[in-house]
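Engineer: Give me the fold of what follows.
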Amino acid sequence: MVFAAACAKPALSVDTVIQTEQATVQAETVTTGLVHPWAIAFLPDGSALVTERPGRLRLLGADGTLSAPISGVPTVFARDQGGLLDVALDPDFTANRLIYLSYAEPGPGDVNGTAVMRARLSDDAASLEDGTVIFRQQPQVDSTKHFGSRLVFDEAGYLFIALGERSDREFRGQSQDLDSHLGKIVRLWPDGSVPDDNPFIGQAGAQPEIWSYGHRNIQAAAINPATGQLWEIEHGPWGGDELNIVEPAANYGWPLVSHGRNYIGTPVGTGERTMEGVTDPIYTWSPVIAPSGMIFYTGSAFPEWQGDLFVGGLASTALVRLEIHNGRVIAEERLLEDFSRRIRDVAQAPDGSVYVVTDQSDGEIIRISPAP
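Structural biologist: The predicted structure follows:
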């Protein structure tokens, strides 16, 4: 068992064997003491970068040790749901050591917005060098909620940025407006330039970065390795979390239609679940799981799980496993439910084990590996 050298094992640390539907697994806490960790990304050597929402980036060693904060992280708007959010490696990281950070960026006055910075991780992994902001969500608004914002590279090297609609009624309708980044997925080259085959290139009044629209708040996204397509899961309101297969130029309906209701109990938009011109989800949750983080499992440690989709659940306090067949969900299983952890992110390590990040003031990294 591996624990962070700087952390004593807490009384409620996870350390148990679990019999799941398809595998017997060992779940164990690797490290603790992280303040609302948000994302984890593995480096080729088995270490991993971990973000903390207050604005810190750490290196988790393969032996479970946790580094001091890495310098060079941008200033973040660290209030409520805002702060340092996702982290992703460049597809050519081994050669260029570039990483990408999404974060809530403070603007003038009270406004803020989701931004993405690209920087080089120093050879000793102690600092970020040559940081450059490659994307800023427009418009910036006065809100502390719904920043998104997962970062996903596809096999062709395009960067997808999943964005929230910033929650408040006064601007959530911009999810349907092509002159706004709110409630969109955008598609860029790694340097922030716009691909010339984006669907709204040349359309008057449309932001050229937009790939799809009509989203609410996306905190889970991944490429399906079987098809190369982007899949995303977005938070519903009161009910109606959605799993969507993302198509270019597609409209996913928010806030015109929804499988949930407003928090005060009133209907969303038309009160209907679908309408003409809207792409329907392939799966929904009511009550919500509050999805955050997802992977398609491809490792050899759990052959039974290959091709399955794993999703972190904040409200469900579970790691949700979905069996996928021909682009449809055919079964669902919930892991780690008994431990009552808000699961913020999930990642596959180079050895095929599964790591989950818990959203707590004393946040943990939990490793799931084959039982001895």
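Engineer: Read off the pLDDT value for Trp305.
Structural biologist: Trp305 is assigned 98 on the pLDDT scale.
Engineer: residue contacts, the residue lying closest to it once chain neighbours are set aside?
Structural biologist: Of all residues not flanking Trp305 in the chain, Tyr297 sits nearest, at 4.6 Å (Cβ to Cβ, 6 or more residues apart in numbering). All C-beta atoms are positioned from the backbone trio N, CA, C, and that covers glycine. Tyr297 makes contacts with Trp305, Gln306, Gly307, Asp308, Leu309, Phe310, Gln348, Val354, as judged by Cβ atoms under 8 Å, 6 or more residues apart in numbering.
Engineer: Check those residues and tell me the two furthest apart.
Structural biologist: Gly307 and Val354 (14.0 Å; Cβ to Cβ).
Engineer: Ile185 and Trp231 touch, don't they?
Structural biologist: No. Counting by Cβ atoms under 8 Å, Trp231 is not a contact partner of Ile185; they are 11.2 Å apart.
Engineer: With neighbour numbers in mind, choose between these two.
Structural biologist: Legend: neighbour count by other Cβ atoms under 10 Å for Ile185 and Trp231, higher for Ile185 (28 against 21).
Engineer: How about the more buried one: which residues does it bridge to?
Structural biologist: Per DSSP bridges, the residues bridged to Ile185 are Ala162, Ser212.
Engineer: Can you give me the distance of it to Trp211?
Structural biologist: Separation of Ile185 from Trp211 (Cβ to Cβ, to the nearest Å): 5 Å.
Engineer: do the same with Met275
Structural biologist: 21 Å.
Engineer: If you count surrounding residues, which of those two has more?
Structural biologist: Taking other Cβ under 10 Å, Met275 and Trp211 do not tie; Trp211 has more neighbours (23 against 13).
Engineer: Let me see the contact set for the nearest residue to that one once chain neighbours are set aside.
Structural biologist: Leaving aside its chain neighbours, Trp211 sits nearest to Arg187 (4.0 Å; criterion: Cβ to Cβ, 6+ apart). Contact partners of Arg187, counting by Cβ under 8 Å, 6+ apart, are Tyr158, Leu159, Phe160, Ile161, Pro195, Asn198, Glu209, Ile210, Trp211.
Engineer: Which of the residues you listed fall within strands?
Structural biologist: Judged by DSSP state E, the contacts of Arg187 include Leu159, Phe160, Ile161, Ile210, Trp211 as members of strands.
Engineer: Val311 contacts Ala290, correct?
Structural biologist: No. Taking Cβ under 8 Å as the definition, Val311 is not a contact partner of Ala290, at 10.1 Å.
Engineer: So between these two, which is more surrounded?
Structural biologist: The neighbour comparison of Val311 against Ala290 (other Cβ under 10 Å) goes to Val311, with 26 against 22.
Engineer: Quick one: neighbours of Val186, just the number.
Structural biologist: 23.
Engineer: ok, now how distant is the nearest residue to it once chain neighbours are set aside from Glu333?
Structural biologist: Using Cβ to Cβ, 6+ apart and skipping the chain neighbours, the partner closest in space to Val186 is Glu209 (3.9 Å). With distances taken as Cβ to Cβ, Glu209 is found 37 Å from Glu333.
Engineer: Looking at those two, which is more packed in?
Structural biologist: Glu209 (23 against 16).
Engineer: dump the residue contacts of the more buried one.
Structural biologist: Phe135, His181, Lys184, Val186, Arg187, Leu188, Val194, Asn198.
Engineer: Now do the shared contacts for Ile185 and Trp231.
Structural biologist: Ala221, Val246.
Engineer: check contacts around Ile368.
Structural biologist: Applying Cβ under 8 Å, 6+ apart, the residues contacting Ile368 are Val25, Gln26, Ala27, Leu319, Leu335, Ser353, Val354, Tyr355, Val356.
Engineer: SS state for it?
Structural biologist: Secondary structure assignment for Ile368 (DSSP: H, G, I helix; E, B strand; the rest coil): strand.
Engineer: what about the stretch 101-250 of the chain, any weak spots by pLDDT?
Structural biologist: In the predicted model, the stretch 101-250 of the chain carries no residue with pLDDT under 70.
Engineer: Okay, helices next: where are they in it?
Structural biologist: 169-172 (DSSP state H, counting those that start in this stretch).
Engineer: picking up where we left off before, out of the contacts of Arg187, which is most surrounded?
Structural biologist: Going by other Cβ under 10 Å, Ile161 tops these with 29 neighbours.
Engineer: ok, that residue - contacts?
Structural biologist: Ser102, Thr114, Val116, Phe135, Gly148, Ser149, Arg150, Leu151, Ile185, Val186, Arg187, Leu188 are the contacts of Ile161 under Cβ under 8 Å, 6+ apart.
Engineer: now Glu234: how far from Asn112?
Structural biologist: 20 Å.
Engineer: the more surrounded of the two?
Structural biologist: Glu234 (28 against 24).
Engineer: what's the distance between the residue nearest to that one when sequence neighbours are not counted and Asp45?
Structural biologist: Excluding the flanking residues, the one nearest Glu234 by Cβ to Cβ, 6+ apart is Ile218, at 4.5 Å. Distance from Ile218 to Asp45, counting by Cβ to Cβ: 30 Å.
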